[in-house]
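**Student:** Below are the sequence and a predicted model; questions follow.
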Amino acid sequence: MPDGRGAPDAEGARMYALVEELYPICRSITGDGVRDTLARIERQLPAPLVRTEVPTDTPVLDWTVPNEWNIRDAFIADASGKRVVDFRESNLHVVNYSVPVKQRMTLAALRPHLHALPDHPDWIPYRTTYYAETWGFCLRQRQLDALPDGEYDVCIDATLAPGNLSYGELVLPGDAPDEVLLSTHVCHPSLCNDNLSAIAVATALARELAARPRRRWSYRFIFAPGTIGAITWLAQHRDVAPRVRAGMTLVCLGSDHPFTYKRTLAGGAEIDRAAAVVLRDRGAGDHLIDFFPYGYDERQYNSPGFRMPVGSLMRGRHGMFPEYHTSADDLGFISADRLADSLAVVRGIVDVLEANRTYKNLAPDGEPQLGKRGLYRATGGTNIPDFNLAMLWVLTLSDGAHSLLAIAERSALPFTSIAAAAARLHEASLLAEV
Amino acid sequence: MPDGRGAPDAEGARMYALVEELYPICRSITGDGVRDTLARIERQLPAPLVRTEVPTDTPVLDWTVPNEWNIRDAFIADASGKRVVDFRESNLHVVNYSVPVKQRMTLAALRPHLHALPDHPDWIPYRTTYYAETWGFCLRQRQLDALPDGEYDVCIDATLAPGNLSYGELVLPGDAPDEVLLSTHVCHPSLCNDNLSAIAVATALARELAARPRRRWSYRFIFAPGTIGAITWLAQHRDVAPRVRAGMTLVCLGSDHPFTYKRTLAGGAEIDRAAAVVLRDRGAGDHLIDFFPYGYDERQYNSPGFRMPVGSLMRGRHGMFPEYHTSADDLGFISADRLADSLAVVRGIVDVLEANRTYKNLAPDGEPQLGKRGLYRATGGTNIPDFNLAMLWVLTLSDGAHSLLAIAERSALPFTSIAAAAARLHEASLLAEV
Amino acid sequence: MPDGRGAPDAEGARMYALVEELYPICRSITGDGVRDTLARIERQLPAPLVRTEVPTDTPVLDWTVPNEWNIRDAFIADASGKRVVDFRESNLHVVNYSVPVKQRMTLAALRPHLHALPDHPDWIPYRTTYYAETWGFCLRQRQLDALPDGEYDVCIDATLAPGNLSYGELVLPGDAPDEVLLSTHVCHPSLCNDNLSAIAVATALARELAARPRRRWSYRFIFAPGTIGAITWLAQHRDVAPRVRAGMTLVCLGSDHPFTYKRTLAGGAEIDRAAAVVLRDRGAGDHLIDFFPYGYDERQYNSPGFRMPVGSLMRGRHGMFPEYHTSADDLGFISADRLADSLAVVRGIVDVLEANRTYKNLAPDGEPQLGKRGLYRATGGTNIPDFNLAMLWVLTLSDGAHSLLAIAERSALPFTSIAAAAARLHEASLLAEV
């Protein structure tokens, strides 16, 4: 398969397998978990992932790179030495970026450091403390309720010390230097939908695009920790930003929810229109929402200093499904089918960007006689086939001012039909690209 | 009646009578049927119809004028010599533009040349083969089902040979050289709604406008075969196209359906706004639809090389009523009342174009005192009469930037009220035209 | 209270008391009733009301100042001398601006001069005859029905003679010379909602703004008779008109109806957007309507010669509640609570105008690190507090092209939250005003 696209089932299974492989790793915004994750992503790709290590205290835009965090073990043990909360069971048990602690304390003293979800007593919450030097444990409400008063040994065997922040990039050059940016956050520990699903989709798409013999645009895949990673990337790529003609953050792409595409700040960008048409053509009741300055790294890309046309594609929306940021976002919460589905939508959007050209009708006076070119049915009846209608729309609007995307929007015909009709008319010398 | 407008009942009856007169004629995109039709239209007009004959093989835009088609007789006869399908019964029985044939053949061999409508077994379909040299017959499904196997004599006594394409035009000059174009296709054989109805409406309107002592705009009526006729006209009138400030194709105006006005490609043209206001003021739930590049000759007029502001007014929409392009589109499918109704709407649109001027309020500071000019009720109560409100709207928006049409749109008052109010204010020297 | 704002209950009561005080006075477009009303308004203010007297026959725009009307008594007495209609009972009984009359006449001769409301037989209508020299009485339908045939003594002891038209103004200077204009009509006699309610609200707001240590804009309160008063003011303040950056007519603000804000003619003016956001944030299902050239003095301010951005705020809409312009618009039809409510809305709109600034984000590259400035919660969870979200919106859109009002509109967050967030960010040196 020259375009690198495997059978949908096989692709779904391969993406799911990558999620399974990455699931146990304890990731954070820095540390070996991220490095390990990037290494495993790279093994899926035909080309090396460019990995960048940025030292602690490096100023990046308004921020500075924080200390690197690594954790080996953590637990709360009761008087008998039995671990009642154990990092080895789930890395969500430790508040991410906790400072080291080794201490005996009463339950009363410990309690302010414990986080649980009363409404979901069997789920472990996911909490972070990146920018406040403290520590904590997350546990099931049932576990918390079962803890008898008394003394506990608390241990977080972690280091929070100068080191580096790590991120990875893959650039696939195209005919034009203009870039399409696809960005995923790689900082979440054992959470499948958020964001191993999107990591897997991005990896599969990168593999597929790398295998294409030719790309119109250049593609840049960024695998970086959320917020600080994107900020660091922006600080180091001020030259790239103006070349980005379209982009998306990819998030939460493995669950059963319908798709939600979140527009760029400006709205009406080519990526917004491409995503809208692909979801419209899919006909499955997906959602389009306006930009708001909360969510994922589209916030950074759209900030006043950059204003890059970067939207966001997701299925479940952060904070809007109960499993979000809990242990219930596990391997059973996502599926190979949904990953394959998500890959198809992202590919569909990319394919619109690749095919969206603007033409001039070379026989603009009246309708050209399609029949003499073998492009029209011979016997007049009452209906017109969709492909003929697509050709008529392309001829009518191809005045140099309407892209194929604009024609698909106005005609309400699938973009793929419009693009196929344009290809046929171009072949028949009825169109010239402007 | 100086404006040429007869009593509505009489006008409806006269239009219906013209349809009756034209119904039996076998029309096509060329040939004597078209010539005969144009001659009969001309008899209804106070001025000669300019008739143009364009020789076969003349290049017209991307097309060439085809051979002329004339038919004298056609039939399928069984072994006993009995005509089982007979052109003399209905000219729809022959596929329009069939090449001559005279042959004995089995039903099996004949069958690929036979067209029927299984869903409407008592209707004869209308089919054409303008640009493929073949032949065929259309018949009722019941007729087809009743044909026993065996041999048949097939005869189409037609000529398809070099000749001419014919169309007619009437230009009624006005104060300004800018033209309003009203175009109808005259190529359909015995079909009443499509398009004898619109031919009759156009003829009646032409008669009426010709009788007016004065016209603001020039009016051009085109009676031409569909597609190739409009293309031929465009090829021969490149100088006229830029002078067309508004236009409509008139189609299917005799049936009971609500009106549908199809906008120009650009949309928002004066003709679009005039039609929208007239249908709005009519208050009968009529429809406005966007342009699409299928339908009637608005396709040609709106093509990239011309982009003329030509919309389309219809009642039943082509392909959207079952009788479309079948023998059921007969004299019983239309009525004099609906024709009269259609004439009223077309006239209403024309009258908006005639009356749509832009004024400047000559007492722009505050509201002028209407009372001292006898334009306002004397005793203040709780309500304001509509005519007073229309005057206030005209005074408020007449700043040189709002036409009467814009005022009618914004005020939601009938255009006729706005125009009458403007006339009254103009008389009172409160308005000057800009 | 340095901003002059009393407790809401106290303010409501004080406004209601002013309505009670003004209710008995017989006002008209000229005369002592207006003067007395202006004098009583002035007593509520910390600064003198500038009062203007404009002589009869002074040309004002397209009008001239009419004769001054004053009335002392009026009645219809039966043969026994008993007053069956008595001005002393209600000043609505006399058609406002009636010429003097003293005459004995039959009921039949009198009848054309009598106005009643068959549908509301217990209400006295309010009628005027400013610009036609005639006279009349308004009475309850029940009174009219009970009048026996016979002779009546009719007396209107009024003078309609050269004098003056009176209006009052209060200007509160601000940091900028640009003005916010608040205009109320003071010409209606004993009608509470229309317009003593708005007179009371305007008076309370003037008192409150006068007490503020600082105002960004200058405020002009106009208390003038409807139509002719606004026209006279415009004729005498052509220099002021261009300085008016926003304005509203205040009308019918005491009844239980939801608010209706009527937009300026142009629409989309700052006052339109401010009013829309305040009503949206109120969340009570209030209404926004487009401008139309009927209603109150917004007609004059928006006329082509001035085009001032003046909208209108009302509760009940004129002509759309049955009590409008009848004796049922009495002290029981309005309440102190509704007046307090109206004051809050008008103040809210004024506060948007005062606070609506445009900023530039001084850390525009990516999101600034709010945490290090103590502006962000420390531990990441699933939700974001509204105040944080407001800060993010302000930072995202503060590129010099979006005012706080635009940010409140787009974010759908309350303007007060957006303004508070901007203040906090400005304090933290993250914003500079442009």
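**Tutor:** In hand now; what should we look at?
**Student:** and the helix or strand hosting A:Asp281, anywhere near chain C?
**Tutor:** Counting by DSSP states H and E, the element that carries A:Asp281 is helix A:270-282. No - shown here: helix A:270-282 not in contact with chain C (CB under 8 Å from any CB of the partner chain), separated by at least 15.7 Å. In short, each C-beta sits where N, CA and C put it, glycine included.
**Student:** now that helix, how far from the centre of its chain.
**Tutor:** 16 Å (CA atoms, centre = their mean, to the nearest Å).
**Student:** Give me the pLDDT for A:Gly305.
**Tutor:** With respect to pLDDT, A:Gly305 has a value of 97.
**Student:** count of neighbours near it?
**Tutor:** 17 (other CB atoms under 10 Å in any protein chain shown).
**Student:** same thing with A:Ile407?
**Tutor:** Burial measure for A:Ile407: 25 neighbouring residues, criterion other CB under 10 Å.
**Student:** If you count contacts, what does the helix or strand hosting it end up packed against?
**Tutor:** Per DSSP H and E: A:Ile407 is located in helix A:404-411. Counting contacts by 3 or more CB pairs under 8 Å, 6 or more residues apart in numbering or on different chains; DSSP states H and E, helix A:404-411 packs against helix A:270-282, helix A:386-397, helix A:415-427.
**Student:** I'd like these laid out as CSV, including mean pLDDT and mean neighbour count.
**Tutor:** Below are the helices and strands packed on helix A:404-411 laid out as CSV (pLDDT from 0 to 100; neighbours: other CB atoms under 10 Å in any protein chain shown):
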stretch, mean pLDDT, mean neighbour count
helix A:270-282, 98, 22
helix A:386-397, 95, 22
helix A:415-427, 96, 20
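**Student:** Please find the angle between the direction vectors of the helix holding A:Asp281 and helix A:404-411.
**Tutor:** Relative orientation of helix A:270-282 and helix A:404-411, computed by axes from the mean of the first three to the mean of the last three CA atoms, to 10 degrees: 50 degrees.
**Student:** buried sites along stretch A:35-48?
**Tutor:** For stretch A:35-48, a neighbour-count test (16 or more other CB atoms under 10 Å in any protein chain shown) marks A:Arg35, A:Thr37, A:Leu38, A:Ile41, A:Glu42, A:Gln44, A:Leu45 as buried.
**Student:** Could you pick out which of the residues you listed are located in helices?
**Tutor:** Among the buried residues of stretch A:35-48, the members found in helices (DSSP state H) are A:Arg35, A:Thr37, A:Leu38, A:Ile41, A:Glu42.
**Student:** Turn these into CSV, including pLDDT.
**Tutor:** Below are those laid out as CSV (pLDDT from 0 to 100):
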residue, pLDDT
A:Arg35, 98
A:Thr37, 98
A:Leu38, 98
A:Ile41, 98
A:Glu42, 97
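**Student:** Find the nearest non-adjacent residue to the most centrally placed residue in chain A, please.
**Tutor:** In chain A, the centroid-proximal residue (CA atoms, centre = their mean) is A:Leu250; its distance is 1.4 Å. Closest residue to A:Leu250 apart from its sequence neighbours, by CB to CB, 6 or more residues apart in numbering or on different chains: A:Ala198 at 3.9 Å.
**Student:** From the chain's centroid, how far away is the top helix by length along chain A?
**Tutor:** Counting residues, the longest helix found in chain A (DSSP H) is helix A:336-355. Computed by CA atoms, centre = their mean, the chain-centroid distance of helix A:336-355 equals 12 Å.
**Student:** Packing partners of that helix?
**Tutor:** Counting contacts by 3+ CB pairs under 8 Å, 6+ apart, helix A:336-355 packs against helix A:8-22, strand A:179-185, helix A:198-211, strand A:244-251, helix A:270-282, strand A:310-314, helix A:415-427.
**Student:** Tabulate those (CSV), appending distance to B:Gly316.
**Tutor:** Formatted as CSV, the helices and strands packed on helix A:336-355 follow (distance: least, CB to CB, whole Å):
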stretch, distance to B:Gly316
helix A:8-22, 45
strand A:179-185, 47
helix A:198-211, 49
strand A:244-251, 44
helix A:270-282, 29
strand A:310-314, 43
helix A:415-427, 27
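**Student:** how about these, which one is nearest B:Phe387?
**Tutor:** Comparison of the helices and strands packed on helix A:336-355 against B:Phe387 by CB to CB identifies helix A:270-282 as nearest, at 47.1 Å.
**Student:** got the angle for the closest one vs strand A:310-314?
**Tutor:** Helix A:270-282 and strand A:310-314 meet at an angle of 30 degrees, taking the same axes, to 10 degrees as the criterion.
**Student:** Show me what helix A:270-282 packs onto, helices and strands only.
**Tutor:** Secondary-structure packing of helix A:270-282 (3+ CB pairs under 8 Å, 6+ apart): strand A:244-251, strand A:260-262, strand A:287-289, strand A:310-314, helix A:336-355, helix A:404-411, helix A:415-427.
**Student:** looking at the ones you listed, which is buried most?
**Tutor:** Most buried of those, by mean neighbour count (mean count of other CB atoms under 10 Å in any protein chain shown): strand A:310-314, with a mean of 28.
**Student:** Whether it contacts chain C - can you check?
**Tutor:** No - applying CB under 8 Å from any CB, one finds strand A:310-314 separated from chain C by no less than 12.5 Å.
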